[in-house]
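J.: sequence? don't have it. structure:
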């Protein structure tokens, strides 16, 4: 078929496209849940801090109440064990303690004050009795020995404290005389020569000296030396003279000791063991004496107290290092401070047992060194 080009074209029929509907179900939009995050450790810290602050405030208020309250002000002190120190004396010493808060008073403060007082106390124990009382147990120092030296007599404790001056004088032995008394004198010393010259009627030795020359003055004449030659004297003779000098000094010391012993015998503690010392020391109350010799003395005295067959008559501190125990039997035992007293006592027991088995007795035993010396009767 021939198409007419001038013929209008019919519009094409457009068929509607049917889109099938999809079945849907209505779902409302859900609101997003909002979560609150809590910092647990931080909150816990705030709570603990707040609680601690409250607790501190309460404690401070409580402490302030305890400190300022008159309920805890010390109103009374009880003393136990005191005899020489009266309650009035002790109250006067501790007058600053009464009225103070019991929480603010330290026990060591009271202890130090009592121990350093004039009352010679050995030990102090303080107990607080709530709410306002103190209980103080006191142990007073007791003398254990009587010390007698060249210058006085003293009561001393086992710890070496002087608690009473029984008698005191001043003899002033020279250092040379003390050395002679202790057995340390020299036979070649000048005092031996002076004594020999005196016995010979020669007088003291004169040493020629050159006097200073002055214009218009006459030089002093040179003394004429005598013919006594000390260096030519027999050594045995010198020792003999030295022993004579020592015996005279010991006699003087013995007279002094006897004088002080008589004064000690009139005192309350006259029965205490007596220590005689070759020294010029002067003591006052609360002084402390040589402890090394005293420790040896304490231990040896305890040993002899357990042996009633050995009775100590006199204890002599011959020097700073030697302690001589003289028995009523006339025997003498020397102990030293440079060895343990226990070791020396062991040596003593062994020696005396051996001598007993041999039927012998000793006059003097020197235990002061490891090389023990024994002098038999």
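T.: Looks like it arrived, so ask away. Not measured: the values here are computed from a predicted model.

J.: ok but residue 111 is inside a helix, no?
T.: Yes - according to DSSP: H, G, I helix; E, B strand; the rest coil, residue 111 belongs to a helix.

J.: doesn't residue 121 make contact with it?
T.: No - with contacts counted by C-beta atoms under 8 Å, residue 111 stays clear of residue 121, the gap being 9.3 Å. All C-beta spots, glycine's among them, are computed from the backbone N, C-alpha and C.

J.: if you count what's nearby, which of those two comes out ahead?
T.: A side-by-side neighbour count of residue 111 and residue 121, using other C-beta atoms under 10 Å, places residue 121 first with 20 against 16.

J.: list the residues that contact the more buried one.
T.: 85, 114-115, 138-141 (C-beta atoms under 8 Å, 6 or more residues apart in numbering).

J.: which ones among those map onto strands?
T.: 138-140 (DSSP state E).

J.: please pick the buried ones from those.
T.: Neighbour-count burial (16 or more other C-beta atoms under 10 Å) applied to the ones in strands among the contacts of residue 121 gives residue 138.

J.: so the residue nearest to the spatial centre of the chain: helix, strand or coil?
T.: Nearest to the geometric centre of the chain sits residue 159, at 8.8 Å (C-alpha atoms, centre = their mean). Counting by three-state DSSP, the backbone at residue 159 sits in coil.

J.: where does the protein have its least confident helix or strand?
T.: Ranking every helix and strand in the chain by mean pLDDT, DSSP states H and E puts helix 40-68 at the bottom, with a mean of 77.

J.: show me what that helix is packed against.
T.: Packing contacts for helix 40-68, counted by 3 or more C-beta pairs under 8 Å, 6 or more residues apart in numbering; DSSP states H and E, involve no helix or strand.

J.: list the buried ones in it?
T.: Per 16+ other C-beta under 10 Å, helix 40-68 contains no buried residues.

J.: okay, now the sheet partners of the next helix or strand after it, with direction.
T.: Where DSSP states H and E defines the elements, the next helix or strand beyond helix 40-68 is strand 76-80. Paired neighbours of strand 76-80 in the sheet (DSSP bridges): strand 133-140 (parallel).

J.: contacts for the strand it pairs with next, please.
T.: So strand 133-140 is contacted by 74-85, 90, 97, 102, 105, 110, 114, 119-129 (C-beta under 8 Å, 6+ apart).

J.: now list the buried members of these.
T.: Neighbour counting with 16+ other C-beta under 10 Å marks 74, 77, 79, 82, 85, 90, 97, 102, 105, 110, 114, 119-121, 124, 126 as buried within the contacts of strand 133-140.

J.: which two among those are spaced furthest apart?
T.: The most widely separated members of the buried ones among the contacts of strand 133-140, counting by C-beta to C-beta, are 102 and 120 (27.9 Å).

J.: now the strands for the stretch 201-350 of the chain?
T.: When assigned using DSSP state E, counting those that start in this stretch, the strands of the stretch 201-350 of the chain occupy the ranges 274-277, 312-317, 322-327, 332-336.

J.: out of these, which is the most enclosed?
T.: strand 274-277 (a mean of 22; mean count of other C-beta atoms under 10 Å).

J.: for that strand, packing partners?
T.: Short answer (3+ C-beta pairs under 8 Å, 6+ apart): strand 274-277 packs on strand 145-149, helix 235-265, strand 312-317.

J.: mind listing what it pairs with, with the direction of each?
T.: Partners of strand 274-277 in its sheet, by DSSP bridges: strand 145-149 (parallel), strand 312-317 (parallel).

J.: returning to that earlier point: can you redo the strands of the stretch 201-350 of the chain as a markdown table with mean pLDDT and distance to residue 288?
T.: Shown next, in a markdown table, are the strands of the stretch 201-350 of the chain (pLDDT from 0 to 100; distance: least, C-beta to C-beta, whole Å):
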| stretch | mean pLDDT | distance to residue 288 |
| --- | --- | --- |
| strand 274-277 | 95 | 14 |
| strand 312-317 | 94 | 15 |
| strand 322-327 | 96 | 18 |
| strand 332-336 | 97 | 21 |
